[in-house]
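Novice: sequence and computational prediction follow.
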Amino acid sequence: METKQLGNTGVSISAIGLGGMPMSLSDRPPESEAIKVIHRALDLGVTLIDTADSYCKDESDKHHNERLIAQALQQYKGDISQITVATKGGLMRPNGSWTRNGNPEHLRQTIRISFETLGGEKPIDIWQYHAPDPEYSIEESLAPAKEAIAQGMIRFIGVSNFSLEQIKRARDVVEIVSVQNQYNPWYRQPESDGVLEYCEQEKLTFFPWSPLGGSRRVSKLEEIDAIAQLAKEKGVSVYQIVLAWLRAKSDAIVPIPGASKVSSIEDSLKAVQVQLSEIEVQHIDRATAS
């Protein structure tokens, strides 16, 4: 598996990671199947797993995905010393919906629970503030993460769903290694809002969430002629073409496609071998321009 450096840290991560969310929502697979997905990803060289305290059915199920990943890693027969687990905090799941909670007291509590859930023996590799809450300043909400670094509960900090201005404010509070914003053929805002360019300039890793468009759009990739035609020409899946397109857009990008089936993560990881020419990238750009 090709690797990339995480931000300016010197830590090496796989060029494509595994997104854990589909394994913990309401339509999640059986636990045994989910663990097979995680183990297969590790077998194929994945060293980055993305999760969150809110990857669950609802508030009564909080931290489900973190528990699942911790269990899968504990049961894995291979070497897990180089695995980086990136989690997030700051979203709530009342009745299965998604709401923001940047209350510092809540974040202190959920960081501690995430730390304990993921094993409690070493710092959380990457903790990301999931989304800024307008009820609290970025400075207030990131203070608990800064404290947790000093307490040995977090190693690195990232931000998610942040604008360029918010990223800069966050970096005045703590060192930031990564940004996780939405980016896919239907949502290309990072190209124009300055975030992707800033990540490149400042050597921050950019994790595009929903790289394949999410559950509602992923089935429509076949309808984008430029993507479908390239997939046919190269004898690969449309998913591999999209992941290769994202990787070609910037050296800062590390896609984290979600998976709930072994076949899905096997397919996605083959994208590291797919090379797109500049002309092919531009062809997809034109076809997906809004």
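Specialist: Structure received.
Novice: and the gap between the nearest residue to Ile138 once chain neighbours are set aside and Tyr76?
Specialist: Among residues not flanking Ile138 along the chain, Arg169 sits closest, at 4.8 Å (C-beta to C-beta, 6 or more residues apart in numbering). Where you see a C-beta, it was placed from the backbone N, CA and C, and this is true even at glycine. To Tyr76, Arg169 is 38 Å away according to C-beta to C-beta, to the nearest Å.
Novice: how about Val37?
Specialist: 12 Å.
Novice: higher neighbour count, the two?
Specialist: Under the criterion of other C-beta atoms under 10 Å, the comparison of Val37 against Tyr76 puts Val37 first, with 25 against 15.
Novice: that one belongs to a strand, doesn't it?
Specialist: No - assigned with DSSP: H, G, I helix; E, B strand; the rest coil, Val37 falls outside any strand and is helix.
Novice: okay, now Gln182: neighbour count?
Specialist: Other residues near Gln182 number 17, with proximity taken as other C-beta under 10 Å.
Novice: and it, bridged to which residues?
Specialist: Trp209 (DSSP bridges).
Novice: Trp209 is in contact with that one, correct?
Specialist: Yes - between Gln182 and Trp209 there is a contact under C-beta atoms under 8 Å: 5.4 Å.
Novice: pLDDT below threshold where in the stretch 1-150 of the chain?
Specialist: For the stretch 1-150 of the chain, no stretch is flagged by pLDDT under 70.
Novice: now do the helices in it.
Specialist: 31-43, 64-75, 104-117, 138-150 (DSSP state H, counting those that start in this stretch).
Novice: which among those helices is found nearest to Asp53?
Specialist: Within these, the stretch nearest Asp53 is helix 104-117; the backing value is 5.1 Å (C-beta to C-beta).
Novice: return the list of helices and strands in contact with the closest one.
Specialist: The contact analysis (3 or more C-beta pairs under 8 Å, 6 or more residues apart in numbering; DSSP states H and E) places helix 104-117 against helix 64-75, strand 84-89, strand 124-129, helix 138-150.
Novice: what are the buried residues along it?
Specialist: Buried positions in helix 104-117, judged by neighbour count with 16 or more other C-beta atoms under 10 Å: 104, 106-108, 110-111, 113-115, 117.
Novice: now for those residues: which two are most distant?
Specialist: For the buried residues of helix 104-117, the farthest-apart pair by C-beta to C-beta is Pro104 and Thr117; their separation is 20.0 Å.
Novice: can I assume Gln180 sits in a strand?
Specialist: Yes - Gln180: assigned to a strand according to three-state DSSP.
Novice: and for it, the neighbour number?
Specialist: There are 26 residues near Gln180, going by other C-beta under 10 Å.
Novice: could you check how far Phe162 is from Leu243?
Specialist: 23 Å.
Novice: what of Gly158?
Specialist: Taking C-beta to C-beta, one finds Gly158 at 20 Å from Leu243.
Novice: could you do Ser178 as well?
Specialist: From Ser178 to Leu243 the distance is 18 Å (C-beta to C-beta).
Novice: repeat for Ile113
Specialist: 32 Å.
Novice: for Tyr198, find the nearest of the helices of the stretch 1-150 of the chain.
Specialist: Per C-beta to C-beta, nearest to Tyr198 of those: helix 138-150, 15.8 Å.
Novice: which neighbouring elements make contact with the closest one?
Specialist: Partner elements for helix 138-150 (3+ C-beta pairs under 8 Å, 6+ apart): helix 104-117, strand 124-129, strand 154-160, helix 164-173.
Novice: that concludes my questions; thank you for your assistance.
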